[in-house]
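Sequence unavailable; structure follows:
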Ligand code: PGA
């Protein structure tokens, strides 16, 4: 047991997270490091495709991401909901409109994440399932670019609500009240099956499971989701 504690005291931790997760994951990590100041951390941020590759290459102890595929030999546990919302500039004509039908959006331009992004994947599956065609889209490979693009009026975005907490708080962008939104997803904590996790990695896993929700601004998120009907999990 003493060895275990020593491991937690001064061990190494390799955490990789989805680009969409890093907004709250860094708050979470900061708190973990205050608790265990001697732990040496390697923190990587990439999209879903990159994370699956890292798991395959055994590069990370722990990965925080959307639902991993079932055909990869992984241990995955959902730890928090991840609602995908449609956002617009605060002065967009659709801002404040109630129950916007999906059919009304066919002429809008959408700022979409790159191929390989879990968010992009979920949005595409959702649109296909609803039979919605998007006429114009622009591709951007970071959530930050999408947020800024939305703010500047380039188009609408479909993003994890966790990426826009600050902008919603400031009122720079707004969540649109669109039929079937939000698209409900989950965040998963993942490691390779059969991997021997270090004491630090196990401690971090337990920390994420019990503490993650404290690091999202739940009042902002609740306010943005109030009265919205959500579609089944994707
Ligand atoms: P991503 O997020 O869009 O940044 O790849 C991962 C996911 O949602 O699975």
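Arrived safely. These numbers were taken from a predicted model, which means no experiment stands behind them.

hey, let's count contacts and neighbours off CA atoms from now on
Noted.

Residue 87: what secondary structure?
What DSSP: H, G, I helix; E, B strand; the rest coil gives for residue 87 is strand.

and the residue lying closest to it once chain neighbours are set aside, what is it in contact with?
With CA to CA, 6 or more residues apart in numbering as the criterion, residue 87 has its nearest non-adjacent residue at 4.5 Å, and that residue is residue 175. Contact partners of residue 175, counting by CA atoms under 8 Å, 6 or more residues apart in numbering, are 85, 86, 87, 88, 95, 168, 224.

switch the cut-off to 7 Å
85, 86, 87, 88, 224 (CA atoms under 7 Å, 6 or more residues apart in numbering).

Isn't the second one up against residue 160?
By that I understand residue 86. No - using CA atoms under 7 Å, residue 86 makes no contact with residue 160, being 8.8 Å away.

Those two: which has the busier surroundings?
residue 160 (23 against 20; other CA atoms under 10 Å).

Contacts only, for the residue lying closest to the more buried one once chain neighbours are set aside.
Spatial nearest neighbour of residue 160, excluding adjacent residues (CA to CA, 6+ apart): residue 84 at 4.3 Å. Residue 84 makes contact with 158, 159, 160, 161, 182, 183, 184, according to CA under 7 Å, 6+ apart.

hang on, the second one in a strand?
Yes - assessed with three-state DSSP, residue 159 lies in a strand.

Okay, it and residue 194: tell me how far apart.
For residue 159, the distance to residue 194 (CA to CA, to the nearest Å) stands at 33 Å.

Please apply the same query to residue 53.
For residue 53, the distance to residue 194 - CA to CA - is 17 Å.

Phi and psi next, for residue 14.
As for residue 14, its main-chain torsions (degrees, to the nearest 10) stand at phi -110, psi 110.

was I right about it contacting residue 41?
Yes - contact criterion CA under 7 Å: residue 14 and residue 41 qualify, at 5.9 Å.

List, one by one, the residues from this structure near the ligand.
For the chain, the contact set with the ligand under CA under 6 Å from any ligand atom comprises 18, 19, 20, 47, 48, 65, 66, 117, 118, 119.

How many residues are close by residue 117?
Neighbours of residue 117 (other CA under 10 Å): 23.

If you could redo that for residue 47, that was the one I meant.
Around residue 47 there are 24 residues (other CA under 10 Å).

which residues touch it?
Per CA under 7 Å, 6+ apart, neighbours of residue 47: 18, 19, 116, 117, 118.

In stretch 192-203, which residues are buried?
Within stretch 192-203, the residues that count as buried by 16 or more other CA atoms under 10 Å are 192, 198, 199, 200, 201, 202.

Check stretch 33-53 too.
So, applying 16+ other CA under 10 Å, buried residues of stretch 33-53: 36, 39, 43, 44, 45, 46, 47, 48, 50, 51, 52.

Over to stretch 119-136?
For stretch 119-136, by 16+ other CA under 10 Å, it's 119, 120, 122, 123, 126.
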